[in-house]
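>>> Need coordinates for the following:
(one chain, ligands or ions: 2)
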Amino acid sequence: AAVGLVIPAAGLGERLGVGMPKALFAVGGESLLVHAVRAGTASGVVTSVVVAAPMGQAASVHSMIERELPAGAALRVVDGGATRQASVRAALAELPADVRVVLVHDAARCLAPAALFADVAAAVAGGDDAVVPGLGVVDTLKEVGPLGEVIATPDRSRLRAVQTPQGFTREILERAHHEALRRGDNDVSDDAGLVERIGCPVRVIPGHAEAFKVTRPLDVELAEAVLTSRRG
Ligand code: CTP
Ligand code: MG
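Ligands and ions are numbered 1, 2, ... in the order given. Next up is the predicted model:
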């Protein structure tokens, strides 16, 4: 089945604080977005790419990325929305008609390995409607109330920190986004969470340490170090 790659890349990057949209910020000489597109297409499973670009920058983003695509892969770039959910929704609306499986991948998880895209797509092709990569958590997590009072300490062994690429059948993901909008939800950052809300099972498969999200300045140091070590 044709596999579409949706890349939300429209965020402002406020926590990174580099004065430009985060997806356009460079590590190792290339923008986070270019790294993310390269990894996704290097998986060999992606037939089309739709990027949700920072508002007003669709044209420049298109020319930045088109040279990264393998021959025959389709590229569309749309203006993103005010929330990640809105950006994904805008990109979904531009998927080519033949796409049956959708991988949603944050530009900010720019170093996710190509094999992770292939693993997620294979799990969806194997019959799961919704598949997300996840890793065990290293810190103990506390649920707290508004004054910092601890409400609960969930058993860490049952928790996973989830990553992207997240994979879905197109039908399930579109229905999940449609139902979210109908409920009035417009700022849910996790696509799998929207799918859970419509009662569809979601499977977690093993994630990868290099699929971490560049969120804060320290993450840039880590990304630079990973790229240096990859260059051997
Ligand atoms: N994203 C998006 N549209 C938005 C907000 C976020 O497409 N309105 C994308 C980001 O570009 C990023 C991914 O969603 O690739 C994950 O979001 P996050 O890490 O929170 O990035 P930002 O929202 O840019 O960062 P911050 O929350 O610190 O402002
Ligand atoms: Mg954000």
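>>> What segments of this structure are strands?
2-8, 26-27, 30-31, 48-53, 74-79, 99-104, 130-136, 143-144, 150-152, 160-162, 166-169, 203-206 (DSSP state E).
>>> What lies in contact with the first one?
Read it as strand 2-8. Outside strand 2-8, the residues that touch it by CB atoms under 8 Å, 6 or more residues apart in numbering are 33, 36-37, 40-41, 45-52, 80, 84, 87-88, 91-92, 95-96, 98-107, 117, 121, 165, 170. For glycine as for every other residue, the C-beta is placed from the backbone atoms N, C-alpha and C.
>>> The second one now?
With CB under 8 Å, 6+ apart as the contact definition, strand 26-27 has outside contacts at Leu32, His35, Cys110, Val214, Val220, Ala223, Glu224, Leu227.
>>> most neighbours, which of these?
For the contacts of strand 26-27, the largest neighbour count, defined by other CB atoms under 10 Å, is 32 neighbours, found at Cys110.
>>> In this protein, which residue sits nearest ligand 1?
Distance from ligand 1 to each residue of the chain (CB to the nearest ligand atom) is smallest for Gly11, at 2.0 Å.
>>> Can you check what pLDDT the model gives that residue?
Looking at Gly11, its pLDDT stands at 98.
>>> ok, it - how many residues close by?
Other residues near Gly11 come to 21 when the count uses other CB under 10 Å.
>>> Just confirm it contacts Lys22, I think it does.
Yes. Here Gly11 reaches Lys22: they are 5.7 Å apart, a contact under CB atoms under 8 Å.
>>> residues in contact with Ser48?
Contacts for Ser48 (CB under 8 Å, 6+ apart) come out as Ala2, Val3, Gly4, Leu5, Ala73, Ala74, Leu75, Arg76, Leu95, Pro96, Val99.
>>> neighbours around the fourth one, how many?
Residues near Leu5, counting by other CB under 10 Å, number 31.
>>> can you check the third one too?
Here the count is done by other CB under 10 Å, and Gly4 has 26 residues near it.
>>> In the sheet, which residues pair with it? Tell me.
When bridges are called by DSSP bridges, Gly4 pairs up with Ser48, Val102.
>>> so what's Pro217 up against?
Pro217 makes contacts with Leu16, Gly17, as judged by CB under 8 Å, 6+ apart.
>>> Kindly recompute the last result at 7 Å.
Residues near Pro217 by CB atoms under 7 Å, 6 or more residues apart in numbering: Leu16.
>>> Would you mind naming what in this protein lies close to ligand 1?
8-16, 22-23, 52, 80-84, 87, 106-108, 213, 215 (CB under 6 Å from any ligand atom).
>>> hmm, try it at 5 Å
Counting by CB under 5 Å from any ligand atom, the chain comes close to ligand 1 at 8-15, 22-23, 52, 80, 83-84, 87, 106-108.
>>> Report the buried members of those.
With burial judged by 16 or more other CB atoms under 10 Å, the buried subset of those is 8-11, 13, 22-23, 52, 80, 83-84, 87, 106-108.
>>> Among these, which lie within helices?
Secondary structure from DSSP state H places Arg84, Ser87 of those in helices.
>>> Now do Ser29 against Gly232, distance only.
Wrong residue type there; residue 29 is Gly, not Ser. 16 Å (CB to CB, to the nearest Å).
>>> Name the residue in these two with the higher neighbour count.
A direct count of neighbours by other CB under 10 Å for Gly29 and Gly232 places Gly29 higher, at 8 against 4.
>>> Model confidence score at that one, please.
At Gly29, pLDDT is 97.
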